[in-house]
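Participant: sequence plus the predicted model coming up.
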Amino acid sequence: MFKSFLSQSLQNHNRKGSSLALIAIMLSVFAIMAAITIDFAYMGLVQTELRIATDAAAKAGVEALSRTENIDSARLAAVNYAAANKVGGQAFQLATSDVTIGKLVKAPSGDWGFVASHDKPNAVRIDAKTGGDAVHSAISLFFGSVLGTSSFTPSYSATAGQQDVAVCLSIDRSGSMLFDMSGTDFSYPPNNPLLSTFTAWGLVWRNHLSPPNPIGSRWAVLSQAVDVFLEEAGNFNPPPRVGLVTWAADYQMPISPFTQYEKSKKDKKVPKHLEYEWATNKAEIRNSLNALGSIPMMGGTNLSAGLDDAVASLTDPDVGSFSSKVVILMTDGQWNDGRNPIDAAKDARDAGIVVHTVSMLTGYHPDMAAIAEITGGKYYRTTNALELTDAFRELARSLPIVLVE
């Protein structure tokens, strides 16, 4: 009886011991799996951080190269922009030797490649490294002992260059562009130079039928922002080819100044590929804006008409098929005429055209935001003259830069 009890007790004890051992083994396995999961996730995060830092450095380098035409300045800009991004919790460090200056060369297939060269360079290649002989140290792991190594050394390469860029400015010329910058409808700048005081149907059309005020009108502020865009764009080599379309909604009135406006309205086609001179292109855009600024403006906000006209200009065979094509769509009003601009945005996207949108004194503009999102562009909401100018400056600086790899 006693022997049987003792035997049973020993068996129970052995079972408990085996269970505890199994539990210990399973906990160890879970701990190892958790450690591996955490470190692998961290490695993925660091690789993403490295890619972002490298892309930013390449873009900054080629922007400085184009603006300054100085190789040392390009290298310094790349190094500084890399350091503005963190990789593994520390500012990413590049050596100047990690920055290669060269040019983009198009293969017969149409793909772009990079060749190191200081002869009229237009591209920057970044070879980002960590650990070893790199400036940036290896990335420490949380559970390195489990993986058999205490750190890892990711690397990444990126090349940014200047591709031929064709841009169409699509500018609102509706009646509200005559208003001042207060944001109040039918509030006109004071001392507006007038064509005449026109009276019809018992109403005095004094400001409404005048040209936009050359200083205080929304059109004047917009024209100044476009001037900044053109000046900034001219700093790149080569500058983008720029066209202009202006638009409103149909507005039929038997009034002489409006008839004169229709006859005088001048848009500018995007210049032909390899058949343009930047100074002439810039002067033509400015002259068109000045001519439009000397005559009355009328009509509502037909966003899709402006976008469709811009897409038609950029898809003209003379523009070329390999160019990077961009529309800058600007309005100070909400869509109130024409087909749904979302449909026009989808057509632009299908044509391979990026649309950046700029709203002026409208508050958040859902249609403009959606157009930009659909086409891969950026939406700029501006509330005053300074913000509008800054938006056009930023757009000019970003247009000619393209990540090749």
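Facilitator: Sure, I can see it.

Participant: what's the domain layout of this structure?
Facilitator: Dividing the chain into domains by automatic domain parsing, as the record does, gives the ranges 2-161, 165-403.

Participant: can you put the ones you listed in TSV and add mean neighbour count?
Facilitator: (Glycine included, C-beta is placed from N, CA and C.) Converted to TSV, the domains of the chain look like this (neighbours: other CB atoms under 10 Å):
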stretch	mean neighbour count
domain 2-161	16
domain 165-403	19
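
Participant: need the ones you listed in CSV (columns: mean pLDDT).
Facilitator: CSV is the format used below for the domains of the chain (pLDDT from 0 to 100):
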stretch, mean pLDDT
domain 2-161, 80
domain 165-403, 85
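
Participant: now A91: how far from L45?
Facilitator: Shown here: A91 relative to L45, a distance of 16 Å by CB to CB, to the nearest Å.

Participant: ah, wrong one, I meant P317
Facilitator: Applying CB to CB, one obtains 46 Å for the distance of P317 from L45.

Participant: kindly report the same for A160.
Facilitator: Applying CB to CB, the value for A160 to L45 is 23 Å.

Participant: and what of A77?
Facilitator: The gap separating A77 from L45 is 26 Å, by CB to CB.

Participant: give me the spatial nearest neighbour of I215, chain neighbours excluded.
Facilitator: The shortest distance from I215 to any residue other than its chain neighbours is 6.8 Å, reached at P189 (CB to CB, 6 or more residues apart in numbering).

Participant: wait, that neighbour touches S210, no?
Facilitator: No - if you go by CB atoms under 8 Å, P189 and S210 don't touch, sitting 10.2 Å apart.

Participant: circling back to that earlier point, ok, the residue nearest to I215 - contacts?
Facilitator: With contacts defined as CB atoms under 8 Å, 6 or more residues apart in numbering, the neighbours of P189 are D180, N213, I215, G216, S217.

Participant: need the residues you listed in CSV with secondary structure and distance to D98, can you?
Facilitator: Conversion of the contacts of P189 to CSV gives the following (DSSP: H, G, I helix; E, B strand; the rest coil; distance: CB to CB, whole Å):
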residue, secondary structure, distance to D98
D180, coil, 52
N213, coil, 53
I215, coil, 50
G216, coil, 51
S217, coil, 50
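
Participant: wait, a helix at R349?
Facilitator: Yes - looking at R349 with DSSP: H, G, I helix; E, B strand; the rest coil, it is inside a helix.

Participant: any idea how far D55 is from the closest residue to I139 other than its chain neighbours?
Facilitator: Once flanking residues are discounted, I139 sits nearest to G88: 4.2 Å by CB to CB, 6+ apart. If you measure G88 against D55 using CB to CB, the figure is 17 Å.

Participant: what does D347 give?
Facilitator: Shown here: D347 relative to D55, a distance of 30 Å by CB to CB.

Participant: likewise for K269?
Facilitator: Summarising the geometry, the distance separating K269 from D55, computed by CB to CB, is 34 Å.

Participant: what about stretch 118-129, start to end distance?
Facilitator: Using CA to CA, to the nearest Å, one end of stretch 118-129 lies 23 Å from the other.

Participant: contacting residues for the nearest residue to E284 once chain neighbours are set aside?
Facilitator: Among residues not flanking E284 along the chain, K268 sits closest, at 5.3 Å (CB to CB, 6+ apart). Counting by CB under 8 Å, 6+ apart, K268 touches V242, G243, L244, E284, I285, S288.

Participant: can you give me the helices in the stretch 101-250 of the chain?
Facilitator: Secondary structure of the stretch 101-250 of the chain by DSSP state H, counting those that start in this stretch: the helices cover 144-147, 218-233.

Participant: so how far is the longest one off the chain centroid?
Facilitator: Between the centre of helix 218-233 and the centre of its host chain there is 18 Å, according to CA atoms, centre = their mean, to the nearest Å.

Participant: show me what it is packed up against.
Facilitator: Here helix 218-233 is seen to pack against strand 165-172, helix 278-292, strand 354-360, helix 385-398 when contacts are counted using 3 or more CB pairs under 8 Å, 6 or more residues apart in numbering; DSSP states H and E.

Participant: now tabulate these in TSV and tack on distance to S140.
Facilitator: As requested, the helices and strands packed on helix 218-233 are arranged in TSV below (distance: least, CB to CB, whole Å):
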stretch	distance to S140
strand 165-172	42
helix 278-292	51
strand 354-360	40
helix 385-398	35
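
Participant: would you check that I342 makes contact with I374?
Facilitator: Yes - taking contact to mean CB under 8 Å, the distance of 7.0 Å between I342 and I374 places them in contact.

Participant: what's the distance between the closest residue to T149 other than its chain neighbours and G44?
Facilitator: Ranked by CB to CB, 6+ apart and with sequence neighbours excluded, the top spatial neighbour of T149 is L141, at 7.1 Å. Taken as CB to CB, the spacing of L141 relative to G44 amounts to 12 Å.
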